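> Here is the input, now give the coordinates:
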Amino acid sequence: MTRGKKIAVLAVIGSVLALSVIAFVVLFCKYGRHEDPNNEDVILRRAEAAEREDNPPLAAFHRRRLTQLNPFNEEYREKYVRALVRVRDFDRLQALTNSTVTRFALTADEAKLERLMRHGSLMVLLGSNNEARIAFTQATNLNYYAAAPRMIDTQARLGRIDVAYVSARRYLERFPNPRMLILSAEWAACMNEPDLIDALVPIAGRLAERPAIVFTYYCTALKAWCKRDMKALKETLGAIPSEVTTPVGCMMALEVASVGDDPGLVESAYREVRKRLPFLDFDNRGNVMVKRFVAAHFPDKLPIEKLGKLADLVQGEADAEPDVELTRVSLLAKFAAKTLDPFELDKAVRLFPKDKGIQLLKAEYEQSGK
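Numbers count the residues shown, from 1 in each chain. Now for the predicted structure:
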């Protein structure tokens, strides 16, 4: 190789090495500094951006990271305290103040928010949902993230599920929330609007993996419920057992049980529905489901004592209207078990004096010498 060629080769090698060094420096600066997950300056900018955008959970996340990186910075700690108040994470706030010398007092706006939230919650307990809605609506002006879900809930309690759905969609675009997603899909199902259920699916992609999977199955279940497809409903609910315990979820479980043959499942599902009343017309709807199950298995598809137990379960509710068919089944079950109370039989006769079945049972009871 001539001297000129050697110089050319060395120049090429040198340029390659120089480019490699430059590339290394660029990568070092990019990943070693600007993309450093522990870079305080970067995290501080993210925290401040989240606060400007009024994103309390994201701000609290970044503020917590800053206190972990620099626990002696008083400003970091104070800002973290304010972030915890804004997300209303009082358990973590108490743990922080108990473990450090941190002291805090609510600002005027924070104190006003807490008064409105307490008042709204009290009104819900007292059944004054419109008063609660007013309080929570005022609270959204102070803290949309914390107060809007409560305001949306009262809209639904007032039966304005169309309004609740629209408000929830607006909230979910900013703050994806598994519970509110499920409730919004249920409101769409109650309006028999499967397209509105589908419109929520893209939001679920921003959830963690398991909640996203549960929501996908649950949307399929809700659309099957809208179409009265009990087979599809049973299959999809079976894929997420006990993971959705809302009133609608419990009602769907009762409806699935009511077309089967297991009285134990019907009883447990009915009790779950009753726990979550009042909700729409689910008190009457639940009673109808149990009555249909009893009628489908009477007189000899299931033991009479099991049917009688279900009849008593429904008839024993304080808001239950006396039902002649369920009363008849209850009396027959007790007669078969030899536990029929004559006073109960007389009461049934007074309630349903024209019912031939109860009249025949009374005659047979009297002939038996009981």
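
> Find the residue at the geometric middle of this structure.
residue 179 (3.3 Å; Cα atoms, centre = their mean).

> In this structure, where is pLDDT below threshold?
Scanning the chain for pLDDT under 70 picks out the ranges 1-37, 100-103, 280, 318, 369-370.

> change it to 50
The model of the chain has pLDDT under 50 over residues 3, 5-34.

> Neighbours of residue 207, how many?
16 (other Cβ atoms under 10 Å). (C-beta placed from N, C-alpha, C; glycine too.)

> list the buried ones in stretch 215-234?
For stretch 215-234, the buried set under the neighbour-count rule, 16 or more other Cβ atoms under 10 Å, comprises 215-226, 230, 233-234.

> actually stretch 184-199, sorry about that
For stretch 184-199, by 16+ other Cβ under 10 Å, it's 184-190, 194, 196-197.

> One more: stretch 156-175?
Within stretch 156-175, the residues that qualify as buried are 156-157, 160-162, 164-169, 171-172, 175, counting by 16+ other Cβ under 10 Å.

> cool, stretch 244-252 as well?
Buried-residue list, stretch 244-252, by 16+ other Cβ under 10 Å: 244, 246-252.

> thinking again about what came up before, alpha carbons of the strand or helix carrying the residue nearest to the centre of the chain, as PDB, please.
In this structure, residue 179 sits in helix 178-190 according to DSSP states H and E. Extracted as PDB, the C-alpha positions of helix 178-190 are listed here (Å, rounded to 0.1, in the frame of the first residue of the first chain):
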ATOM      1  CA  PRO A 178     -62.200   2.600  36.100                       C
ATOM      2  CA  ARG A 179     -65.200   3.100  38.300                       C
ATOM      3  CA  MET A 180     -66.600   6.100  36.400                       C
ATOM      4  CA  LEU A 181     -66.000   4.300  33.100                       C
ATOM      5  CA  ILE A 182     -68.100   1.400  34.300                       C
ATOM      6  CA  LEU A 183     -70.900   3.600  35.600                       C
ATOM      7  CA  SER A 184     -70.900   5.600  32.300                       C
ATOM      8  CA  ALA A 185     -71.200   2.400  30.300                       C
ATOM      9  CA  GLU A 186     -74.100   1.300  32.600                       C
ATOM     10  CA  TRP A 187     -75.900   4.600  32.100                       C
ATOM     11  CA  ALA A 188     -75.600   4.100  28.300                       C
ATOM     12  CA  ALA A 189     -77.000   0.600  28.700                       C
ATOM     13  CA  CYS A 190     -79.900   1.800  30.800                       C
END
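
> May I have stretch 250-266 exported as PDB, CA atoms only?
Presented in PDB, the C-alpha positions along stretch 250-266 are these (Å, rounded to 0.1, in the frame of the first residue of the first chain):
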ATOM      1  CA  CYS A 250     -75.700  -7.200  40.500                       C
ATOM      2  CA  MET A 251     -79.000  -7.000  38.600                       C
ATOM      3  CA  MET A 252     -77.400  -8.600  35.500                       C
ATOM      4  CA  ALA A 253     -76.100 -11.400  37.800                       C
ATOM      5  CA  LEU A 254     -79.600 -11.900  39.100                       C
ATOM      6  CA  GLU A 255     -81.100 -12.000  35.700                       C
ATOM      7  CA  VAL A 256     -78.600 -14.700  34.600                       C
ATOM      8  CA  ALA A 257     -79.300 -16.700  37.800                       C
ATOM      9  CA  SER A 258     -83.100 -16.400  37.200                       C
ATOM     10  CA  VAL A 259     -82.900 -18.300  33.900                       C
ATOM     11  CA  GLY A 260     -80.900 -21.100  35.500                       C
ATOM     12  CA  ASP A 261     -81.900 -23.800  37.900                       C
ATOM     13  CA  ASP A 262     -79.900 -22.900  41.100                       C
ATOM     14  CA  PRO A 263     -82.100 -21.300  43.800                       C
ATOM     15  CA  GLY A 264     -79.000 -20.600  45.900                       C
ATOM     16  CA  LEU A 265     -77.500 -18.400  43.100                       C
ATOM     17  CA  VAL A 266     -80.800 -16.600  42.800                       C
END
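
> Contacts only, for residue 54.
By Cβ atoms under 8 Å, 6 or more residues apart in numbering, the contact list for residue 54 reads 144-145.

> returning to what we had before: not counting the helix holding residue 179 itself, show me its contacts.
In contact with helix 178-190 (Cβ under 8 Å, 6+ apart) are residues 149, 152, 156, 161-162, 164-165, 168-169, 171-172, 194, 196-197, 199-200, 203-204, 207, 211, 214-215, 218-219, 222-223, 225-226, 244, 246, 248-249, 280.

> and what of stretch 242-259?
For stretch 242-259, contacts defined as Cβ under 8 Å, 6+ apart pick out 182-183, 186, 189-190, 214, 218, 221-222, 225, 230, 233-234, 237, 265-266, 269-270, 272-273, 275-277, 279-280, 282, 285-286, 289-290, 292-293.

> Filter these down to just the ones in helices.
Among these, the residues falling in helices (DSSP state H) are 182-183, 186, 189-190, 214, 218, 221-222, 225, 230, 233-234, 237, 265-266, 269-270, 272-273, 275, 282, 285-286, 289-290, 292-293.

> How about residue 60: what's its closest non-neighbour residue?
By the measure of Cβ to Cβ, 6 or more residues apart in numbering, the closest residue to residue 60 outside its immediate chain neighbours is residue 83, 3.9 Å from it.
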